[in-house]
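Student: Quick one: sequence and predicted model below, then my questions.
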Amino acid sequence: MFLGRGRPTVSYLVVAGGGGSGSFYAGNGGGAGGLLTGSAITLNAGTTYTVTIGGGGAGGASGGYNSGVTGNSSSISSLPSTNGGGGGVAGGGTGISGGSGGGAWPGSTPGTGTSGQGYSGAIGSTDGLTYTNGGAGGGSGGAGIAANSDATGSRGGTGTASTITGSSVYYAGGGSGGVQAGTAQAGGLGGGGAGVTSGNGNNGSANTGGGAGGGQGVSASGGSGGSGVVILSSNIAAASTTGSPTITTSGGYVIYTFTGSGSITF
């Protein structure tokens with residue numbers, strides 16, 4: 001099925017770690033990790049290529065106004081994806097820019113995404129008197145969706161569907177904002193953390209690059225972003241790997257899914 005050693009042609013999906021969400025009242029959601037994908041990079045036989053998997057950013061610590069921490073980059077060869085932006089500080093903080101941008105407090109500026117890798121975050125909402133809802137992080141497939149006054153919280157931007165493993169799976173969804181009034185929203189499709197009406201923020205899903213959802217409450221901490229992933233689909237089998245990737249086959253291609261850092265040699 002796999003002929004000779006040859007020079008491999010490789011399809012790739014490289015997703016960075018998602019951003020953490022902010023802490024304290026109505027935390028702002030984290031942006032998704034940057035996503036790069038393509039159908040044809042040519043690697044040299046006999047050359048070892050390092051694969052780096054970025055971890056998700058930590059959520060803002062409880063007990064004060066703390067922003068979410070930006071995630072970490074993932075890469076293979078010369079293809080680095082940009083880390084997801086953290087959710088901004090409650091009470092007026094802007095979102096942090098990254099692969100996709102983190103959410104922002106009402107009246108502030110969401111974080112921006114990186115061209116070709118992700119989209120901007122969204123702002124929250126306030127009734128001007130009592131209630132405030134946090135902003136949402138952007139996703140690799142769309143910007144965050146702003147909160148709607150007291151009716152609904154903000155929603156993380158949608159991720160991107162990939163068929164590199166042989167079936168369609170979404171990656172790099174943004175985290176939704178925490179909610180003081182109204183309905184909390186699910187995270188962006190692709191591992192984004194859901195917003196909550198009480199308690200700590202939800203983490204982004206592991207190995208999707210999803211941004212974290214915002215928490216809500218004076219003692220609430222932010223959620224952590226989801227770790228990244230690197231998936232390679234090759235027309236020939238690799239000579240060796242490190243880092244214990246999961247190896248499967250589909251349609252005559254060998255698929256290497258790295259959920260931890262390692263290397264690959266064809």
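Tutor: Great, that's in hand.

Student: Which residue ranges of the stretch 51-200 of the chain form strands?
Tutor: 74-76, 79-81, 125-126, 132-133, 160-162, 169-171 (DSSP state E, counting those that start in this stretch).

Student: Could you check how far the first one is from the centre of its chain?
Tutor: The one in question is strand 74-76. Put simply, strand 74-76 sits 14 Å off its chain's centre (CA atoms, centre = their mean, to the nearest Å).

Student: Adjacent strands (with direction) for it?
Tutor: Strand 74-76 has the following strand partners under DSSP bridges: strand 48-52 (antiparallel), strand 79-81 (antiparallel).

Student: Name the residues that touch the last one?
Tutor: Put plainly, it is strand 79-81. 12, 14-16, 33-36, 41, 54, 73-75, 99, 117, 228 (CB atoms under 8 Å, 6 or more residues apart in numbering). The way it works is simple: take the backbone N, C-alpha and C, and place the C-beta from them, glycine included.

Student: Just name the closest of those to residue 141, please.
Tutor: Checking the contacts of strand 79-81 against residue 141 with CB to CB, the nearest one is residue 35 at 8.3 Å.

Student: Run through the bridge partners of the closest one.
Tutor: residue 15.

Student: And residue 265, by the same measure?
Tutor: residue 48, residue 240.

Student: For the least confident helix or strand in the chain by mean pLDDT, which helices and strands make contact with it?
Tutor: Scoring the helices and strands of the chain by mean pLDDT, DSSP states H and E places strand 125-126 at the bottom, with a mean of 84. Packed against strand 125-126, as judged by 3 or more CB pairs under 8 Å, 6 or more residues apart in numbering; DSSP states H and E, are the following elements: strand 132-133.

Student: elements contacting the strand it packs on?
Tutor: Using 3+ CB pairs under 8 Å, 6+ apart, strand 132-133 is in contact with strand 125-126.

Student: Contacts for the strand it packs on next, please.
Tutor: 106, 107, 132, 133, 146, 147, 148, 149, 150, 154.

Student: List the residues that contact the second one.
Tutor: If a contact means CB under 8 Å, 6+ apart, then residue 107 has 92, 123, 126 as its contacts.

Student: Quick one: buried ones out of the residues you listed?
Tutor: 123, 126 (16 or more other CB atoms under 10 Å).

Student: Compile the contacts of residue 107 into a markdown table and extend it with columns for distance to residue 46.
Tutor: Below are the contacts of residue 107 laid out as a markdown table (distance: CB to CB, whole Å):
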| residue | distance to residue 46 |
| --- | --- |
| 92 | 55 |
| 123 | 51 |
| 126 | 60 |
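
Student: What is the nearest of the contacts of residue 107 to residue 63?
Tutor: residue 92 (18.0 Å).

Student: which parts of the stretch of helix or strand residue 13 belongs to are buried?
Tutor: According to DSSP states H and E, residue 13 maps onto strand 9-15. For strand 9-15, burial by neighbour count (16+ other CB under 10 Å) applies to 10, 11, 12, 13, 14, 15.

Student: For it, which outside residues touch it?
Tutor: Taking CB under 8 Å, 6+ apart as the rule, strand 9-15 contacts 33-43, 74-76, 79-81, 140, 162, 164, 171-172, 208-209, 228-235, 253.

Student: returning to what we had before: which stretch in the strands paired with strand 74-76 is the model least sure about?
Tutor: Looking over the strands paired with strand 74-76, mean pLDDT reaches its minimum on strand 79-81, with a mean of 89.

Student: Check whether residue 21 really touches residue 57, as I assumed.
Tutor: No: assessed by CB atoms under 8 Å, residue 21 is found out of contact with residue 57, at 9.1 Å.

Student: shared neighbours of the two, anything?
Tutor: Joint contacts of residue 21 and residue 57 (CB under 8 Å, 6+ apart) are 30, 68, 86, 212.

Student: top of the residues you listed by neighbour count?
Tutor: residue 30 (59 neighbours; other CB atoms under 10 Å).

Student: Hmm, that residue is touching residue 193, no?
Tutor: Yes: proximity of residue 30 to residue 193 meets the contact threshold set by CB under 8 Å, at 7.4 Å.

Student: what touches both of these two?
Tutor: 21, 175, 204, 211, 212, 213, 223.
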